[in-house]
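Engineer: Give me the fold of what follows.
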Amino acid sequence: MHEILNGEFSFNYYRDLLAFLIKEGYSFSSFDRDCTIKRVILRHDIDIDIYNSLNMAEIESQLGAFSTWFIQPNNDFYNILSKQILDIISGIRNLGGIIGLHIDGTMFSDQDEMIINIKKMFDFYQEYLPLDPVFSFHRPAKFLENPAIEIDGLINAYETSFFKEMAYISDSNRRKFWEEERLFNAIENGASIQLLTHPLWWRVKDTSKEIIQKQVRDMAVEKIADNALRNNIKLFQE
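Structural biologist: The predicted structure follows:
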């Protein structure tokens, strides 16, 4: 069972981890409130590095897996309505991925305002994006006593059926979840799993915090600034 313990934040290990779950009899699922035994809801919260998403989606597609990708409307690192990001989102969809919204709850002053505005965001972005009616929280607001809040017509990744009634596994803060007993306890018991990853951590090869920090800085400067110059000023196209 613990043959997969010697892992790292690399593409090869990500592939091995998904292959291991498939070998153990798991199938991949969307957020559909059906907690059938031995399902994996594979979830990605794109807080920073959306440019790495296609790499991970390609690995999933090669294995016959798929996931739900949560994109953030108020993100500092990418504009979800820019052509470049729309192309990435389209690529994820073509590889079988599902797209939802990643909501920063701290944007709102109270729960009623939050519910109204989450609905407004879905109504707006559905005109431009292939959205499924599902969302996750980036930072649950302090006023929100229970992150499992239900909103008519939408699915919350923190609802009880996804967060309490199945094993919740996460790489938040670059935690090596594969070294935790909860993952293997879930597998041994045939329990369904919600597995959350962040594309920021997963690279071609495992690397240090300092190198990731430099890569993010380079990404912010090169991908955002250079693309803006090339797309808008003829001088830089030459």
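
Engineer: So Thr207: helix, strand or coil?
Structural biologist: coil (DSSP: H, G, I helix; E, B strand; the rest coil).

Engineer: Quick one: the strands in the chain, in order.
Structural biologist: Using DSSP state E, the strands of the chain run over 27-28, 39-46, 68-71, 98-104, 131-139, 155-156, 167-170, 193-197.

Engineer: who does the fifth one pair up with?
Structural biologist: Each strand that pairs with strand 131-139, with its direction, by DSSP bridges: strand 98-104 (parallel), strand 155-156 (parallel).

Engineer: burial count for Thr197?
Structural biologist: Thr197 has 21 neighbours, counted by other C-beta atoms under 10 Å. In this view, the C-beta of every residue, glycine as well, is placed from N, C-alpha and C.

Engineer: ditto for Asn74
Structural biologist: With other C-beta under 10 Å as criterion, Asn74 counts 12.

Engineer: Would you point out the helix or strand in the protein whose mean pLDDT is lowest?
Structural biologist: Across the helices and strands of the chain, mean pLDDT, DSSP states H and E gives its lowest value to helix 227-232, namely a mean of 74.

Engineer: contact partners of that one?
Structural biologist: 83-84, 236-237 (C-beta atoms under 8 Å, 6 or more residues apart in numbering).

Engineer: Kindly list the longest helix within this protein.
Structural biologist: helix 111-125 (DSSP state H).

Engineer: tell me what it is packed against?
Structural biologist: strand 98-104, strand 131-139 (3 or more C-beta pairs under 8 Å, 6 or more residues apart in numbering; DSSP states H and E).

Engineer: what's across from the residue nearest in space to the middle of the chain in the sheet?
Structural biologist: Centroid-nearest residue in the chain, with C-alpha atoms, centre = their mean: His44, separated by 1.4 Å. Under DSSP bridges, the beta-bridge partners of His44 are Trp69, Thr197.

Engineer: Deepest in the core, which of the helices and strands packed on helix 111-125 is it.
Structural biologist: Among the helices and strands packed on helix 111-125, ranked by average contacts under mean count of other C-beta atoms under 10 Å, first place goes to strand 98-104 (a mean of 22).

Engineer: which of the contacts of helix 227-232 has the most neighbours?
Structural biologist: Counting by other C-beta under 10 Å, top hit in the contacts of helix 227-232: Gln84 with 16 neighbours.
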